[in-house]
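A.B. asks: Take this sequence and fold it.
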Amino acid sequence: MQDEQQTHESVLFSTTWSEPEEDFDRRACRAYLHLLTQLEWAGKILLVIFFLSFVIGASALLLGKNFEQIIFTDGTEVTCLFDTETGQIIKSNGVPVQ
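C.D. replies: Got it, this is the predicted structure:
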């Protein structure tokens, strides 16, 4: 009985934590490393594309023509646009207001 209990305790307390695994698949490990390398490069390329898109978009907004147009409503269903370059008020359909 005591021998059985001692065997049971050794099974409970034995662990492979921090012991090197002797039979791991080197091919699978290399394939996983290759996949991670490819994902790293894809992330770098996407980062450059997003950054360039942001710079181009921001410069287009900041340097575009008529940046200071003001859109306002006068309480009716017609939306108007104030063109700061010409000083005219234009309805949303493109017709100048007299």
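
A.B. asks: Can you pull out the low-pLDDT segments for the protein?
C.D. replies: 1-16, 18-23, 64-74, 92-98 (pLDDT under 70).

A.B. asks: Could you point out the longest helix of it?
C.D. replies: Taking DSSP state H as the assignment, the helix of the chain that covers the most residues is helix 26-63.

A.B. asks: Counting by contacts, list what that one packs against.
C.D. replies: The contact analysis (3 or more CB pairs under 8 Å, 6 or more residues apart in numbering; DSSP states H and E) places helix 26-63 against no helix or strand. In this view, the C-beta of every residue, glycine as well, is placed from N, C-alpha and C.

A.B. asks: Okay, buried residues for it please.
C.D. replies: Buried residues in helix 26-63, defined by neighbour count with 16 or more other CB atoms under 10 Å: none.

A.B. asks: same thing with stretch 84-93?
C.D. replies: Quick answer for stretch 84-93: no buried residues (16+ other CB under 10 Å).

A.B. asks: Convert it to CSV, retaining C-alpha atoms only.
C.D. replies: Listed next in CSV are the C-alpha coordinates belonging to stretch 84-93 (Å, rounded to 0.1, in the frame of the first residue of the first chain):
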residue,chain,number,x,y,z
THR,A,84,-14.1,82.4,-48.9
GLU,A,85,-12.2,83.1,-52.2
THR,A,86,-15.1,84.7,-54.0
GLY,A,87,-17.3,85.8,-51.1
GLN,A,88,-20.4,84.2,-52.6
ILE,A,89,-22.9,82.0,-50.8
ILE,A,90,-23.7,79.0,-52.9
LYS,A,91,-26.7,76.6,-52.3
SER,A,92,-25.9,72.9,-52.1
ASN,A,93,-27.0,72.3,-55.7
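
A.B. asks: Pop the domain breakdown of the chain in here.
C.D. replies: Domain segmentation of the chain under automatic domain parsing yields 24-64, 65-98.

A.B. asks: Columns distance to residue 17 on top of these, output as TSV?
C.D. replies: Formatted as TSV, the domains of the chain follow (distance: least, CB to CB, whole Å):
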stretch	distance to residue 17
domain 24-64	16
domain 65-98	63
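
A.B. asks: Good, wrapping up.
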